[in-house]
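Visitor: Structure for the following, please:
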Amino acid sequence: MSILKRGMKGAPVKRLQEKLGIGADGDFGPGTQKAVKEFQKANGLAVDGIAGPDTFTAMGLHELVLLRVGSRGQAVKSLQEDLGIGADGIFGQGTKKAVVDFQKEHGLAADGMAGPVTLAKMKSFASIFTAETIQKAEVKPDEEHFESELMPELQGAAPIQGSAAEAAPEKSLWGKVKGWFS
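Guide: Model prediction:
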């Protein structure tokens with residue numbers, strides 16, 4: 001999943017909360033939602049209380065960016081431009097196919113999702129998605145307890161084929177979330 005919203009729990013939520021300067025318990029509740037909305041408003045972003053790729057980028061939380069089918073925004077548009085396909089800012093099946101082709105061409109696990117490892121290989125993202133960003137995507141020791149927590153159900157989410165875990169560090173922030181779609 002490429003977004004964080006109310007009801008979600010885990011290490012990515014904890015990182016978001018830390019960046020927002022609020023209580024970092026890893027549980028995306030009403031306080032986190034309010035803080036996200038305030039950040040979005042103050043930074044000229046769409047104000048919906050949902051943290052996605054454009055919000056993560058504006059916050060400097062590049063390690064949380066994961067673009068997949070359903071993602072929208074400037075980050076998707078930049079991805080599409082780098083792939084040389086129609087750049088409408090909406091990650092659909094055509095973008096997924098182009099990402100898979102790109103991943104195969106660059107020796108990456110071809111899962112059709114663009115996280116830090118894939119984005120680091122792209123022209124528009126290379127200066128942002130560095131080896132340091134990829135390292136930041138690893139779960140920190142104080143975040144490991146989130147790995148054993150139950151995750152919320154994904155309502156209306158279609159499964160995505162492919163093994164995302166191969167493209168991410170062994171214990172990446174999105175590794176568990178990506179597993180929902182494998």
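Visitor: where does residue 124 land in three-state SS?
Guide: Under the three-state scheme (DSSP: H, G, I helix; E, B strand; the rest coil), residue 124 adopts coil.
Visitor: which SSE is the residue nearest to it when sequence neighbours are not counted in?
Guide: Closest residue to residue 124 in three dimensions, ignoring its sequence neighbours and counting by C-beta to C-beta, 6 or more residues apart in numbering: residue 78, at 4.4 Å. Using the backbone N, CA and C atoms, a C-beta is placed for each residue, glycine as well. Using DSSP states H and E, residue 78 maps to helix 74-83.
Visitor: Please, where are all the helices along this protein?
Guide: Taking DSSP state H, the helices of the chain run over residues 11-20, 30-42, 53-59, 74-83, 93-105, 116-119, 131-136, 175-179.
Visitor: ranking these by burial, who's on top?
Guide: Counting by mean count of other C-beta atoms under 10 Å, helix 116-119 has the highest mean neighbour count of the helices of the chain, with a mean of 24.
Visitor: Identify the residues contacting the residue nearest to residue 124.
Guide: Shown here is residue 78, whose contacts under the criterion C-beta atoms under 8 Å, 6 or more residues apart in numbering are 87, 124, 125.
Visitor: Could you report the pLDDT at the residue nearest the centre of the chain?
Guide: With distances taken as C-alpha atoms, centre = their mean, residue 66 lies nearest the centre of the chain, 2.6 Å away. pLDDT recorded at residue 66 is 91.
Visitor: can I assume it is in contact with residue 114?
Guide: Yes: assessed by C-beta atoms under 8 Å, residue 66 is found in contact with residue 114 at 7.3 Å.
Visitor: Residue 132 versus the residue nearest to residue 124, what's the distance?
Guide: 20 Å (C-beta to C-beta, to the nearest Å).
Visitor: do the same with residue 73
Guide: Remark: distance between residue 73 and residue 132 (C-beta to C-beta) = 23 Å.
Visitor: now do residue 74
Guide: In terms of C-beta to C-beta, residue 74 sits 22 Å off from residue 132.
Visitor: Contacts only, for the residue lying closest to residue 67 once chain neighbours are set aside.
Guide: Of all residues not flanking residue 67 in the chain, residue 114 sits nearest, at 4.2 Å (C-beta to C-beta, 6+ apart). By C-beta under 8 Å, 6+ apart, residue 114 lies in contact with 66, 67, 68, 79, 99, 122.
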